[in-house]
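1. Kindly generate the corresponding structure for this input.
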Amino acid sequence: MKLLKFTERNTWEHETWNFYVWMDSETEARFRIDIENARKEGMTAYNLSDQEFDEDSVKSLESRHSVTTYMNQHNLCGVLHLPEQYDFKERDPFYKGGIMKLCTQKMSE
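-> Got it, this is the predicted structure:
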C-alpha cells in the first residue's frame, strides 16, 4: 500500500485541499486513468501525486495547517475504494472532499 496525495483545486472558491489516501497498485493505476480521462473532458481540478508520503509527515501537516474555510488544507484519509463506475459529468464523486467518503478506516487504526 502507498500513501499518495490527491489534490483538489476549487477555482470557484480559490481553495486547494490535499487528501492523503492509501491505495494498492491496482487502485492507483485505475485512479490515474480516471483522472486523465476527466482531464480530457475538461475537468482539471484533480491531481494524484507520484510522491509517496509517510503517515507521520501527513499528521504533522494536518496539525500545522488550520482549517482554510470549512475543510482542512491537509487531510489524512483511509484506504481508497473506488466505485465500480462513476461519471464525472453526472455526479462528481470527488467534489469538495468527496474522496473522504470513498475511504475506509485509516491504516493506523
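
2. At which residues are the helices of the chain located?
-> Applying DSSP state H to the chain gives helices spanning 25-40, 55-64.

3. wait, which of these is closest to G97?
-> Closest approach to G97 among these (CB to CB): helix 55-64, 13.8 Å. Every C-beta, even on glycine, is put in place using the N, C-alpha and C of the backbone.

4. Of the helices of the chain, which is nearest T11?
-> helix 25-40 (14.4 Å).

5. CA atoms of that closest one as PDB?
-> Only the C-alpha atoms of helix 25-40 are listed here, as PDB (Å, rounded to 0.1, in the frame of the first residue of the first chain):
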ATOM      1  CA  SER A  25      -1.100  -0.500  -7.100                       C
ATOM      2  CA  GLU A  26      -4.200  -1.700  -8.900                       C
ATOM      3  CA  THR A  27      -6.300   1.100  -7.500                       C
ATOM      4  CA  GLU A  28      -3.600   3.600  -8.200                       C
ATOM      5  CA  ALA A  29      -3.400   2.600 -11.900                       C
ATOM      6  CA  ARG A  30      -7.200   2.800 -12.300                       C
ATOM      7  CA  PHE A  31      -7.400   6.100 -10.500                       C
ATOM      8  CA  ARG A  32      -4.700   7.700 -12.600                       C
ATOM      9  CA  ILE A  33      -6.500   6.600 -15.800                       C
ATOM     10  CA  ASP A  34      -9.800   8.000 -14.400                       C
ATOM     11  CA  ILE A  35      -8.200  11.300 -13.600                       C
ATOM     12  CA  GLU A  36      -6.600  11.500 -17.000                       C
ATOM     13  CA  ASN A  37     -10.000  10.800 -18.600                       C
ATOM     14  CA  ALA A  38     -11.600  13.500 -16.600                       C
ATOM     15  CA  ARG A  39      -8.900  16.000 -17.800                       C
ATOM     16  CA  LYS A  40      -9.700  15.000 -21.400                       C
END
